[in-house]
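Asks: coordinates for the following, if possible.
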Amino acid sequence: MKLLQALFFPPEQPGGVSSMIPYLQDKFNPPEWEMELFSLPKRIRGKGTDQIKFHTFDWHQYEKSSIVRKYIQTYRDYLWWTKLRLQQPYDLIHAHHPIAGLVMKELYSDTPVVQSIHSSYERELILNGRIKEGGLEHRFLCSLYKELEYRSDRMLTVSQSFREYLSPHVDHPERIGVIRNGFDDTRFKPIPHHNEVVQLVAVCRLVPAKGLDVLLRACAELKKRGLSYVLHIIGDGPIRQELEQLAEELGIYDETIFYGYTLHPEEFMPFFDIFVLPSRAEAFGSVFAEAALCNLALVGTNIGGIAEQIEDGVNGLLVQPENHLALAGALEKVITDTDLRCQLAEAGLDKAKSCYSLDRVVHELKNIYLHYKR
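Replies: Predicted coordinates for the structure are as follows:
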C-alpha cells in the first residue's frame with residue numbers, strides 16, 4: 001500500500017507532528033507498505049496563483065483580513081508546490097494540516113484522504129493576541145473545519161477534549177476519531193542523577209499561549225519563599241525578549257536560562273528534575289509525554305490534552321491556568337518533597353510507555369489505512 005504523509009511544516013520543525021510522523025516510516029516496512037513524507041519548504045512564498053474555492057462557504061467574505069489573505073496565499077503556494085513535485089498516484093493520503101488535506105483532496109479527488117487535526121490555529125492566534133474572538137479571522141478558520149469534513153474521507157484528532165472543541169464546527173462530530181500521539185521511546189533515555197538544586201525545565205515555542213509569563217511569576221514567588229531552583233526555558237519565539245525582561249523585573253534572571261531553539265531537547269532533558277508548562281491551551285501537549293518518557297515529574301494546567309495525560313497527584317500535578325500562586329504551590333510540593341517527585345516521575349514514565357507508544361499509533365493507523373485498501 002502506497003502512503004503519503006502530507007505535512008505542512010518540514011519534519012525537522014518542532015512540534016507534536018514532527019516528533020511522531022517521521023518515525024512512522026521505520027514501522028511501515030515494504031513490500032506491504034511504502035510511505036513518503038511531503039511538506040512545503042519555508043522558502044516557498046508567493047508562488048501560487050490559482051483561484052481558491054471552498055464547497056461549504058465563500059472565503060471572500062473574510063478577505064478584508066490580511067491574515068485570511070495570507071492563509072489563502074499559503075494555500076495557493078502549497079497547491080503550486082504539490083502540483084510541481086507530486087506526479088505519482090497513492091493508495092491513501094494522510095494529511096496533518098488543514099491546508100495539506102484540502103490541497104491533497106483537490107488534486108487527488110479519487111484517493112482516500114485521512115485528515116488529522118493536531119491543534120487549533122485560531123485558538124492559538126486568539127491567545128497570542130493576533131486575532132479577536134468572533135472576528136473575521138476566527139470565523140474563517142472555524143469555517144475550515146466543515147470544509148475539511150466535507151472533503152475528507154476520515155477525520156482524526158489527538159484528544160477527546162479537542163474532539164469536543166471541534167464538535168460545534170462540523171455536522172457529524174461523532175465520526176471524528178481520536179488517536180493520541182505516540183513516541184518512539186528509544187529516543188528517550190532516562191538517566192539516574194542527583195541535582196543539589198532542583199532543575200525546572202519548560203520546552204515550547206515562546207508565545208503567550210504557553211503561559212510562560214505565569215511560570216516566571218510563579219518562580220518569583222518560589223524565590224520569595226526561599227526555595228532554590230534553576231529554570232531552563234528551551235525554545236524560541238516572538239516574545240523571548242519580553243520574557244527575558246520580565247524575568248529581570250521579577251528578580252529571577254539569574255535563576256533563569258533561555259536556550260533558544262534546540263533541535264533535540266530530549267537528548268539533555270533527562271538531566272532535569274521537573275517539567276512545567278502552564279499552557280493556556282493544548283490540543284494534546286506532546287512535550288508532556290516526551291518529558292514523562294525522560295522520567296521527569298510533570299506540572300501542568302488543567303486544560304485540554306494536558307488534563308487527559310495527567311491524573312492530578314498520581315502521575316503529575318495540575319493547576320488552573322492563569323494562577324501563578326497555585327502553580328508556585330504545586331512546584332513547591334515537588335521541589336521540597338523528593339519522594340513525591342520520584343513517585344510522580346515513575347508513574348508518569350509508566351503511563352507514557354503504556355499509552356503513548358509509537359507501536360500503539362502504528363497499530364491504530366494500520367487498521368484505518370487497511371479499511372481503504374483497494
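
Asks: drop to CA atoms for contacts and neighbour counts, all remaining ones
Replies: Fine.

Asks: so L365 sits in a helix?
Replies: Yes. Counting by DSSP: H, G, I helix; E, B strand; the rest coil, L365 is part of a helix.

Asks: that one: neighbouring residues, count only.
Replies: 14 (other C-alpha atoms under 10 Å).

Asks: now swap in H55 and tell me
Replies: 11.

Asks: which residues in the stretch 151-300 of the chain form strands?
Replies: 154-157, 177-178, 199-203, 230-234, 256-260, 274-277, 297-301 (DSSP state E, counting those that start in this stretch).

Asks: can you put those in JSON lines and add distance to A291?
Replies: Shown next, in JSON lines, are those (distance: least, C-alpha to C-alpha, whole Å):
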{"stretch": "strand 154-157", "distance to A291": "21"}
{"stretch": "strand 177-178", "distance to A291": "22"}
{"stretch": "strand 199-203", "distance to A291": "9"}
{"stretch": "strand 230-234", "distance to A291": "13"}
{"stretch": "strand 256-260", "distance to A291": "17"}
{"stretch": "strand 274-277", "distance to A291": "6"}
{"stretch": "strand 297-301", "distance to A291": "7"}
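
Asks: in JSON lines: the ones you listed, plus mean pLDDT.
Replies: Converted to JSON lines, the strands of the stretch 151-300 of the chain look like this (pLDDT from 0 to 100):
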{"stretch": "strand 154-157", "mean pLDDT": "98"}
{"stretch": "strand 177-178", "mean pLDDT": "97"}
{"stretch": "strand 199-203", "mean pLDDT": "98"}
{"stretch": "strand 230-234", "mean pLDDT": "98"}
{"stretch": "strand 256-260", "mean pLDDT": "97"}
{"stretch": "strand 274-277", "mean pLDDT": "98"}
{"stretch": "strand 297-301", "mean pLDDT": "98"}
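
Asks: distance to F188 and mean neighbour count added to these, as CSV?
Replies: Below are the strands of the stretch 151-300 of the chain laid out as CSV (distance: least, C-alpha to C-alpha, whole Å; neighbours: other C-alpha atoms under 10 Å):
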stretch, distance to F188, mean neighbour count
strand 154-157, 25, 20
strand 177-178, 25, 17
strand 199-203, 15, 22
strand 230-234, 17, 21
strand 256-260, 20, 16
strand 274-277, 15, 27
strand 297-301, 15, 27
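
Asks: how about G48, what does it touch?
Replies: Applying C-alpha atoms under 8 Å, 6 or more residues apart in numbering, we find G48 in contact with Q73, T74, R76, D77, Y78, L79, W80, W81.

Asks: any weak-confidence spans in the protein?
Replies: For the chain, the stretches flagged by pLDDT under 70 are 12-16.

Asks: so in it, which helix runs the longest?
Replies: helix 66-85 (DSSP state H).

Asks: show residues contacting stretch 84-101.
Replies: 1-8, 17, 75, 78, 104, 111-118, 144, 148, 152, 369, 372-374.

Asks: how far does it sit from its chain's centre?
Replies: 21 Å (C-alpha atoms, centre = their mean, to the nearest Å).

Asks: how much space between the residue of the chain positioned farthest from its centre and T336?
Replies: The centre of the chain is farthest from one residue, G226, which by C-alpha atoms, centre = their mean lies 34.5 Å away. Remark: distance between G226 and T336 (C-alpha to C-alpha, to the nearest Å) = 11 Å.

Asks: wait, which of the strands of the stretch 151-300 of the chain is closest to K353?
Replies: Nearest to K353 among the strands of the stretch 151-300 of the chain is strand 297-301 (14.7 Å), distances taken as C-alpha to C-alpha.

Asks: contact partners of whatever helix or strand comes next after that closest one?
Replies: Remark: after strand 297-301, the chain's next helix or strand is helix 304-309, criterion DSSP states H and E. With C-alpha under 8 Å, 6+ apart as the contact definition, helix 304-309 has outside contacts at 158-162, 281-285, 288-289, 300-301, 318.

Asks: contact partners for Y62?
Replies: By C-alpha under 8 Å, 6+ apart, the neighbours of Y62 are V68, L136, E137, F140.
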